[in-house]
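>>> What follows is a predicted structure for the sequence shown.
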Amino acid sequence: MPLANDLLEQAYHLARREPKRPRQASLRRAVSTSYYALFHLLISEATRNWKQSSQRAALGRHFKHGDMATASDKQKASCNRFLTGKPRPVPGPDADCMTCLQSVSFAFYQAYQQRQTADYDTAKQWTRTEALAIIDSVDAAFKTWPQIRNHRFAQDYLLSLLGDPKRKQ
Amino acid sequence: MIIPAIFANTPQLHADVRRAAQPLGADVVHINFEIGFDVMGFASIFFNIVLTDEASSPARLRFVTQQIALTLMNQLKTDENGVHAYFNFRSQSEVAHVKDPAWA
């Protein structure tokens, strides 16, 4: 995932520029870029499942921001129900996966909202801490994902990012 | 438009947020919030959380912010109450410098 990783690195670079007085443009682009880093990470992970590697980029174009945010919101709620429900889940791979998925899906839907604000709400003033907190949550998702990428829950999440087929008809 | 019950009683919500913030300890200077709708049109609570400068340091920021977000969402049961929660964090120094009423 060189593109996704490069975008994440670029987000940190932008957020850490201008050590004394960060420019709003740098912080806004940092927040927006961190969202796109996670967006491209998840799409590349989903399209990895497509056997014809030459078609993966084209397949990736079918993913939509809003559908991915909705799916992430549902995934986060599902993780929360799983992890906090009664009886508590048995410790093991499923519970571990849900904990990690909660972190990934939470980071995505937070970053989606923040990216909209960063790109379009010029009234908002950003600070470096605000930007770094968002990028850190995306970075945590990047570090978490390899632990769960082959688990069936994670694979179900990737498929859900394509959106609800009933809504598309 | 359906307004979640949690938004119907704002004084109660303020009290709930204060109570939810208690276990967060000394890292949090104060918490403000606004209610509204997010970009997807869902009823949402937008937290503006002021951290101490020490808690905002690069070495601690990730851990501190994750703990705070999880604690507030779990204590306030945001998912169960049908609201999205969003979190913004600033350091105490930044708040003093920027002078934004939403963070005061």
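Yep, that arrived.
>>> For the longest helix along chain B, which residues meet the burial criterion?
Ranked by number of residues, the top helix in chain B under DSSP state H is helix B:58-76. Neighbour-count burial for helix B:58-76 flags B:61, B:62, B:64, B:65, B:66, B:68, B:69, B:71, B:72, B:73, B:75, B:76 (criterion: 16 or more other Cβ atoms under 10 Å in any protein chain shown). The way it works is simple: take the backbone N, C-alpha and C, and place the C-beta from them, glycine included.
>>> which of these come close to chain A?
Residues of the buried residues of helix B:58-76 in contact with chain A (Cβ under 8 Å from any Cβ of the partner chain): B:61, B:62, B:65, B:66, B:69, B:73.
>>> isn't residue B:44 right up against residue B:86?
Yes: assessed by Cβ atoms under 8 Å, residue B:44 is found in contact with residue B:86 at 6.0 Å.
>>> Find me the pLDDT at the residue nearest to residue A:28 when sequence neighbours are not counted, would you?
Nearest residue to residue A:28, sequence neighbours excluded (Cβ to Cβ, 6 or more residues apart in numbering or on different chains): residue A:118, at 4.4 Å. Listed pLDDT for residue A:118 reads 97.
>>> show me the contacts for residue A:118.
By Cβ atoms under 8 Å, 6 or more residues apart in numbering or on different chains, the contact list for residue A:118 reads A:27, A:28, A:29, A:31, A:32, A:124, A:126.
>>> What parts of chain B come near chain A?
Checking chain B against chain A by Cβ under 8 Å from any Cβ, the hits are B:38-40, B:42, B:51, B:56, B:58, B:61-62, B:65-66, B:69, B:73-74, B:79, B:84, B:86-91, B:94, B:98, B:100.
>>> count of neighbours near residue A:155?
Using other Cβ atoms under 10 Å in any protein chain shown, residue A:155 is surrounded by 15 other residues.
>>> Please convert the buried residues of helix B:58-76 to a markdown table, extending it with pLDDT.
Formatted as a markdown table, the buried residues of helix B:58-76 follow (pLDDT from 0 to 100):
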| residue | pLDDT |
| --- | --- |
| B:61 | 96 |
| B:62 | 95 |
| B:64 | 96 |
| B:65 | 96 |
| B:66 | 94 |
| B:68 | 96 |
| B:69 | 95 |
| B:71 | 93 |
| B:72 | 94 |
| B:73 | 93 |
| B:75 | 91 |
| B:76 | 93 |
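>>> between these, which is nearest residue A:81?
When the buried residues of helix B:58-76 are compared for distance to residue A:81 (Cβ to Cβ), residue B:73 wins out at 12.5 Å.
>>> what's the angle between the longest helix along chain A and helix B:58-76?
Ranked by residue count and defined by DSSP H, the top helix of chain A is helix A:93-120. For helix A:93-120 and helix B:58-76, the angle between their directions (axes from the mean of the first three to the mean of the last three Cα atoms, to 10 degrees) works out to 100 degrees.
>>> Now helix A:93-120: buried residues?
A:97-118.
>>> Next secondary structure after that helix?
In the C-terminal direction, the helix or strand that comes right after helix A:93-120 (DSSP states H and E) is helix A:128-148.
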